[in-house]
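Trainee: sequence and predicted structure are below.
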Amino acid sequence: MKTFAELVVSRKDWIETVLKPWCARAALSDLLNAEAEWTNLAGHVDPEATLWAWAWSRFPDLVREEPSGVDETPEVQVTLKDGTTIIGYPDARKTCQGQLILLTRSAEQSAPYRESGPHSINDVVSAKKA
């Protein structure tokens, strides 16, 4: 690389072709290690909007692109490794460091929703809009 412009293009390509795909398939322990070094690895960017959004992007129905992160809008059906299926709304504020929190419907009238989780990203098999 001879110019700064070439360096910028190279860096953007590395993010798109190496870093984002790695986040989308990495195990929780590796993601937590990456978060600890995120400033050195990815620059001065918010890990929630980059690392964790890219990690959860392995389940496209859970994330939104702009602003990037877990999408609270659609109700989703999440299936865990043990076969458990949960239907609810992701709680973006409480979902952090690879732990998904869902708000599920409650049979009780006084408490319309209850919290389900945390569910590790390692334990989630699928997440589809309900």
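Mentor: Cool, the structure landed.
Trainee: which parts of the protein are helices?
Mentor: Taking DSSP state H as the test, the helices found in the chain are 4-14, 20-25, 28-36, 38-42, 53-56.
Trainee: now what about the third one, what contacts it?
Mentor: When you say that, I think you mean helix 28-36. Helix 28-36 has contacts (Cβ atoms under 8 Å, 6 or more residues apart in numbering) with Cys23, Ala26, Leu41, Pro47, Leu51, Trp52, Ala55, Gln97, Gly98, Ser120, Ile121, Asn122. Placement of C-beta: from N, CA and C, glycine included.
Trainee: and for the fifth one, the neighbour number?
Mentor: Read that as Leu51. 25 (other Cβ atoms under 10 Å).
Trainee: hmm, Ala24 and it touching each other?
Mentor: No: in this structure Leu51 lies outside contact range of Ala24 using Cβ atoms under 8 Å: 10.7 Å.
Trainee: inside strands: which ones of the contacts of helix 28-36?
Mentor: By the criterion of DSSP state E, membership of these in strands covers Ser120.
Trainee: ChimeraX command for the buried members of the contacts of helix 28-36?
Mentor: Command for ChimeraX, covering only those of the contacts of helix 28-36 found buried under the criterion 16 or more other Cβ atoms under 10 Å:
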select :23,26,47,51,52,55,97,98,121
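Trainee: the contacts of helix 28-36: which two are farthest apart?
Mentor: With Cβ to Cβ as the measure, no two of the contacts of helix 28-36 lie farther apart than Leu41 and Ser120, at 22.0 Å.
Trainee: mean pLDDT lowest where, among the helices of the chain?
Mentor: Among the helices of the chain, helix 38-42 has the lowest mean pLDDT, at a mean of 86.
Trainee: elements contacting that helix?
Mentor: The contact analysis (3 or more Cβ pairs under 8 Å, 6 or more residues apart in numbering; DSSP states H and E) places helix 38-42 against no helix or strand.
Trainee: next up, phi/psi of the residue nearest to Val70 when sequence neighbours are not counted, please.
Mentor: Spatial nearest neighbour of Val70, chain neighbours left out: Ala92 (4.3 Å); criterion: Cβ to Cβ, 6 or more residues apart in numbering. Backbone torsions for Ala92, taken as degrees, to the nearest 10, come to phi -60, psi -30.
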